[in-house]
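S.K.: fold the following and give me the result.
(chains A and B)
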Amino acid sequence: MKKMIAVLLLMPLLSFAVDDSEPMEDPEFQARYETLVRELRCLVCQNQPIADSNAPLAKDLRRQVREMLLSGSSDSEIYSFMTDRYGDFVLYRPPFVQRTWLLWLAPGILLLLGGTVLARTLRQRAAMPIDDDDEDEGAIE
Amino acid sequence: MTRFIAPIITLAILVGFFFVGLHKDPSIVPSPLIGKPAPVYELPLLLKPDETLGTEKLLGQVYLLNIWGTWCPGCRVEHGALLEIERQNIVPIYGLNLKDDPRLARQWLAELGDPYVATMVDTEGRVSIDWGIYGAPETFLVDHDGMIVHKLIAPINMQIWHEDFLPLIQQLKAAQP
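M.R.: Numbering: from 1, shown residues only, chains lettered A, B, ... in the order given. This next block holds a predicted model:
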């Protein structure tokens, strides 16, 4: 049992070995590379960025990112290279467009709705006569 | 009574969202390439390595491009359907052999039969990136002008062929005899 726990505890260390490519010479390129491969989703194993995926496609896309960086492409050129071929789905941060506005705004809208309901309920409670407290269930209209 | 209206409406909206959302297959990502020109490329042929083929040479005909590899279980599943589609002689099928051992690929065609007019070899997977391929088998329908009309991300079978591909092909052929 103890051995098994020890093995399980060591498992996360294995996850470092996915991207086995050499780091790029220029540290600035390497930093951009690391951001890009974390922002791009692997289409084969959809809940992983291409940085963490062992899939052959993820490996090819990492190579593509690297080569484009070296040939002088900007980050946005690399992102649009990917979305031209695979769609917005490859981006972990989907753009704010007609199809996604609800996705982006939903948390705000829900917060606003919830806040309004909460504020109203609290106000109504505060406005209730104190001696009605015992039977407050039916008091709200 | 009125106090139940808001929760019921909320529940109805949630049920609606889940009903639509859970019926979608998240592994099928719509391709942005539909309605766009096929990527330009030229690749060597599996059976005649000295010759090449690509988008430009294929212009002027309606064809299927099928992406396969011997490492791909779904490709074995669909192979019989591809052979049957080839026998119907309605459109030519071209193959794109993806990241494969050419010897195994040639052996595959020799053993299972060859439904392809020609198979191109994409050893490094670069052309496949241009096609936005992420899971073989995939099958594209390309028109006379080299535009991508339709894409299937799954093994093809006769039902899909009759329901999805054939009507599109008949439309294309009727528009440009």
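S.K.: spell out which parts of chain B neighbour chain A.
M.R.: Counting by C-beta under 8 Å from any C-beta of the partner chain, chain B comes close to chain A at B:2-3, B:6, B:26-27, B:29-33, B:99, B:124-126, B:128-132, B:134-135. Glycine gets a C-beta too; all of them are placed from N, C-alpha and C.
S.K.: and the helices in chain B, which stretches?
M.R.: Using DSSP state H, the helices found in chain B span residues B:5-22, B:55-58, B:73-88, B:102-112, B:126-130, B:158-160, B:166-175.
S.K.: can you list the buried residues in the second one?
M.R.: The one in question is helix B:55-58. Residues of helix B:55-58 classed as buried: B:55, B:58 (neighbour count, 16 or more other C-beta atoms under 10 Å in any protein chain shown).
S.K.: go ahead and flag the most central residue of chain A.
M.R.: For chain A, the residue nearest the mean C-alpha position is A:Tyr92 (5.4 Å; C-alpha atoms, centre = their mean).
S.K.: who touches it in this structure?
M.R.: A:38-41, A:49 (C-beta atoms under 8 Å, 6 or more residues apart in numbering or on different chains).
S.K.: ok, and the most crowded of the residues you listed?
M.R.: Counting neighbours by other C-beta atoms under 10 Å in any protein chain shown, A:Leu40 leads those with 25 neighbours.
S.K.: residues near A:Tyr86, how many?
M.R.: Neighbours of A:Tyr86 under the rule other C-beta under 10 Å: 23.
S.K.: what's the answer for B:Ala12, then?
M.R.: 10.
S.K.: pull the contacting residues for it.
M.R.: Taking C-beta under 8 Å, 6+ apart as the definition, B:Ala12 has no contacts.
S.K.: next one: B:Gly69 from B:Leu96, what distance?
M.R.: Distance of B:Gly69 to B:Leu96, given as C-beta to C-beta, to the nearest Å: 9 Å.
S.K.: excluding its backbone neighbours, what's nearest the residue positioned nearest the centre of chain B?
M.R.: With distances taken as C-alpha atoms, centre = their mean, B:Thr139 lies nearest the centre of chain B, 1.5 Å away. What sits nearest to B:Thr139 in space, not counting adjacent residues and going by C-beta to C-beta, 6 or more residues apart in numbering or on different chains, is B:Leu152, at 4.5 Å.
S.K.: my guess is the one you found contacts B:Glu138, does it?
M.R.: Yes: using C-beta atoms under 8 Å, B:Leu152 is in contact with B:Glu138, at 6.6 Å.
S.K.: so which of these two has more stuff around it?
M.R.: Between B:Leu152 and B:Glu138, counted using other C-beta under 10 Å, B:Glu138 has the larger neighbour count: 26 against 20.
S.K.: circling back to that earlier point, want to throw the contacts of A:Tyr92 into CSV with secondary structure?
M.R.: Formatted as CSV, those follow (DSSP: H, G, I helix; E, B strand; the rest coil):
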residue, secondary structure
A:Arg38, helix
A:Glu39, helix
A:Leu40, strand
A:Arg41, strand
A:Pro49, strand
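S.K.: and the residues you listed, which is closest to chain B?
M.R.: Taking C-beta to the nearest C-beta as the measure, A:Arg41 is the one of those closest to chain B, at 9.6 Å.
S.K.: what about residue 34, how many neighbours?
M.R.: All of this refers to chain A. Using other C-beta under 10 Å, A:Glu34 has 14 neighbouring residues.
S.K.: that's the wrong chain, I wanted chain B
M.R.: Counted by other C-beta under 10 Å, the residues lying close to B:Ile34 total 14.
S.K.: same question for A:Cys45.
M.R.: Look at A:Cys45: counted by other C-beta under 10 Å, it has 15 neighbours.
S.K.: what's the helix or strand for it?
M.R.: Using DSSP states H and E, A:Cys45 is not contained in any helix or strand.
S.K.: pull up the gap between the closest residue to it other than its chain neighbours and chain B, please.
M.R.: Nearest residue to A:Cys45 in three dimensions, chain neighbours excluded: A:Ser53, at 5.2 Å (C-beta to C-beta, 6+ apart). A:Ser53 is 11 Å from chain B, where distance means C-beta to the nearest C-beta, to the nearest Å.
S.K.: circling back: the more surrounded of B:Gly69 and B:Leu96?
M.R.: Taking neighbours as other C-beta under 10 Å, B:Gly69 and B:Leu96 compare with B:Leu96 leading, 25 against 22.
S.K.: check the more buried one and give its pLDDT.
M.R.: Note on B:Leu96: pLDDT of 96.
S.K.: now do the contacts for it.
M.R.: By C-beta under 8 Å, 6+ apart, the neighbours of B:Leu96 are B:43, B:65-68, B:119-120, B:122, B:127-128, B:131.
S.K.: so what's it closest to, chain neighbours aside?
M.R.: The spatial neighbour of B:Leu96 that comes closest, neighbours along the chain excluded (C-beta to C-beta, 6+ apart), is B:Ile67 at 4.8 Å.
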